[in-house]
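Colleague: Need a 3D model of the following:
(chains A and B)
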Amino acid sequence: MVPDSEDVIGRTDGPALVIEVDGEPVTGVPGQTLAGVLLAAGRDSWRTTSRAGRPRGVFCGIGVCFDCIVTVNGERDVRACQRRAAAGDVVTRQSDELPRSRS
Amino acid sequence: MTVVIVGAGPAGLAAARAARTAGASVVLLDAAELGGQYWRHLPAERRAREQRRLHHGWSRFLALRAALTADPGCEIVTGAQIWAIDRTEDRLRVHVLIGAADGRARTPRTLLPDALVLATGAHDRTLPFPGWDLPGVYSAGAAQALAKGERIAVGKRVLVAGAGPFLLPVAASLAHTDASVVGVHEAARLPVLAKNWTARPWELFAALGKGAELGGYVLGQVRNRIPYITGSGVIAAHGDERVEAVTVAELDTSWAPLPGTERRIEVDAVCVSHGFTPRIELAIAAGCRIGPDRFVVTDVDGRTSVDGVFAAGEITGIGGAQAAETEGALAGLAAAGAVDDRRTAKLRRSRASAVRFAARIEQAHGIRKGWTAWLDRDTLLCRCEEVTHGEFVDTIAATRSRGLRSTKLTSRAGLGICQARMCGRNVEDILGQNVPDGVITDTSTDHRPIAAPISLAELAALPAAPTAQEGHIS
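Modeller: The predicted structure is shown next:
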């Protein structure tokens, strides 16, 4: 993320918030989406696909591709690029492996 | 009279304002915030003195937003996900869930508008290439949204590729973060660009604001020393767990890569857009006629084939923000029942030049058939169901199907969680190239009766029969 002290638009972010991602604390700022918090923290994938087990994160960034879905506070299939982060959110990765017979 | 407007980008905001000036009550809905993708900006929690530096027409946005938010006759509902439109007797019902995105504690609401304006916009169309599913490959719209709405650069060394004028603002936005843009690769070749951009220059002057905007981006390219390479595209992304490099190649006029021109470029991100897919599922659900070019058919004032339903902006043709604003204003006036005044006449003239501008963009940058030459058998076509190009063409050959619906069911392409929003048009194109005479029997990837996922618990909790009162502002 562009540091607010260097941002051409004269940005002042609020005090940090902390969410939990797969059991680890991750720090963000109020107003970020979950995807924003994760990307700013240097994570670019947080899901594995069902068939090939490939990593996925943000692709479309505007809520149409569903590649970035996560489980938030027990709710599945939440688009990380659309959901605003709230302090204390518990985010877990979604990897729904298919039954062995298909592979 | 209540006008319900779906989408709060340039078209929807202009429609809301126009409908209000004509005296209608307005409910303005957006799944996210006011501004749409064009005026995507930081949320209220993150203060910034000069967001205008990242935008064109920012003062127009501020003025529209200020007028609408201060107006008691305009109800603004953000975080409003429309998941279906249906019809009961003679009235359209617009079903909305309001609250945190994809939450399970959203408030359901059903609106019964007297007039409905759809301004749902468009999203990037990305053609697949080997490795396009790697993290670090983004749609250009994602790079734009992250830069403007989050102040995040998608990478340190970023390559922008695809087709169309949208690549330029994306490069400009990246340059306003801490990213270094290593190049903008435009698939159209220079003679095609020159022919379509200079054949009738007065049309560019007619859309003067647009010309100035484009000129600004071109200057930005020069100032930031970003190479603009025409007749070139990304044909593969490389990496194991994320993108580490891309292969670019020269493309012929059909967009097929020219053998021997491949070049590997180290990057940590690539942003791709080959044009736009209009978001027309709600228009289809409302019963609007869709033209052969797959846009909502309207008259000059935005009337669709369905009484009381209007459409504006990118779902009627890809013309950019100014065209969207003009169309939104026309649709808002028409929806409120106010036409044939001087303002309408002026807006209609402006719309005509916007339509010519859109046609010029399509002629210069429209997707050409040769792109499928850069696919290999293992290239993913459908990202959600992980259907490869090889599996898809084998399925077509084995089933000898010309039907899109049938091919989707046998191959699973387009049946995943995005419901073909990413792969639908590409799947249609490849099916068309693999059946006799290129004729496929149905084109239905835009048809999504459930426009957004809804949980069974939310569905079960809905009131059985919404009453008319719920449709009106109380």
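Colleague: Would you mind listing what in the stretch 251-400 of chain B touches chain A?
Modeller: Counting by C-beta under 8 Å from any C-beta of the partner chain, the stretch 251-400 of chain B comes close to chain A at B:279, B:383-386. Just so you know, the C-beta spots here come from the backbone N, C-alpha and C atoms, and that holds for glycine as well.
Colleague: Buried ones only from those, please, as a ChimeraX command.
Modeller: Command for ChimeraX that selects the buried part of these, burial taken from 16 or more other C-beta atoms under 10 Å in any protein chain shown:
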select /B:279,383,384,385,386
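Colleague: Nearest residue to whichever residue of the stretch 1-150 of chain B sits closest to chain A in space, please, no chain neighbours.
Modeller: Residue of the stretch 1-150 of chain B nearest chain A, by C-beta to the nearest C-beta: B:Ala142 (2.7 Å). If the residues on either side of it in the chain are set aside, B:Ala142 comes closest to A:Gly61, at 2.7 Å by C-beta to C-beta, 6 or more residues apart in numbering or on different chains.
Colleague: So what does the one you found look like in phi/psi?
Modeller: A:Gly61 adopts backbone torsions of phi 70, psi 0, taken as degrees, to the nearest 10.
Colleague: and if you look at the one 5 residues further on?
Modeller: The phi and psi torsions at A:Phe66 (degrees, to the nearest 10) take the values phi 60, psi 10.
Colleague: Next: B:Leu330.
Modeller: Per-residue torsions, B:Leu330: phi -60, psi -50 (degrees, to the nearest 10).
Colleague: count of residues packed around it?
Modeller: B:Leu330 has 29 neighbouring residues, counting by other C-beta atoms under 10 Å in any protein chain shown.
Colleague: give the contact list for it.
Modeller: Counting by C-beta atoms under 8 Å, 6 or more residues apart in numbering or on different chains, B:Leu330 makes contact with B:18, B:300-302, B:312, B:344, B:347-348, B:351.
Colleague: quick one: contacts for B:Ala461?
Modeller: Counted by C-beta under 8 Å, 6+ apart, B:Ala461 has contacts B:Pro108.
Colleague: just the strands in chain A please.
Modeller: Remark: strands assigned in chain A by DSSP state E are A:11-12, A:17-21, A:24-28, A:47-48, A:55-56, A:69-72, A:75-79, A:90-92.
Colleague: Report the buried residues of stretch B:246-259.
Modeller: Residues of stretch B:246-259 classed as buried by neighbour count (16+ other C-beta under 10 Å): B:246-251, B:255-257.
Colleague: Now do the same contact list for the residue nearest to the spatial centre of chain A.
Modeller: Centrality entry for chain A: nearest residue to the mean C-alpha point is A:Ala35, 3.4 Å, by C-alpha atoms, centre = their mean. Contact analysis of A:Ala35 by C-beta under 8 Å, 6+ apart lists A:57-58, A:61, A:68, A:80-81, B:150.
Colleague: Which of these sits closest to B:Ile229?
Modeller: Nearest to B:Ile229 among those: A:Gly61, at 24.3 Å, using C-beta to C-beta.
Colleague: Identify the residues contacting the closest one.
Modeller: A:35, A:81, B:138-139, B:141-146.
Colleague: wait, which of the contacts of A:Ala35 is closest to A:Asp4?
Modeller: Among the contacts of A:Ala35, and counting by C-beta to C-beta, the member closest to A:Asp4 is B:Glu150, at 12.3 Å.
Colleague: The closest one: neighbouring residues, count only.
Modeller: By the criterion of other C-beta under 10 Å, B:Glu150 has 26 neighbours.
Colleague: Show me the helices in the chain, by range?
Modeller: Chain wasn't specified; assuming chain A. A:34-40 (DSSP state H).
Colleague: oops, chain B please
Modeller: Using DSSP H, helices in chain B cover B:10-21, B:58-69, B:140-149, B:167-175, B:190-198, B:201-206, B:208-223, B:281-285, B:321-335, B:342-365, B:389-399, B:404-411, B:424-433, B:456-460.
Colleague: that older thread, same list, the strands of chain A, but as a markdown table with distance to chain B, mean pLDDT and mean neighbour count please.
Modeller: What follows is those, written out as a markdown table (distance: least, C-beta to the nearest C-beta, whole Å; pLDDT from 0 to 100; neighbours: other C-beta atoms under 10 Å in any protein chain shown):
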| stretch | distance to chain B | mean pLDDT | mean neighbour count |
| --- | --- | --- | --- |
| strand A:11-12 | 4 | 94 | 16 |
| strand A:17-21 | 10 | 98 | 18 |
| strand A:24-28 | 10 | 98 | 14 |
| strand A:47-48 | 10 | 94 | 18 |
| strand A:55-56 | 5 | 96 | 21 |
| strand A:69-72 | 7 | 97 | 22 |
| strand A:75-79 | 4 | 95 | 18 |
| strand A:90-92 | 13 | 97 | 18 |
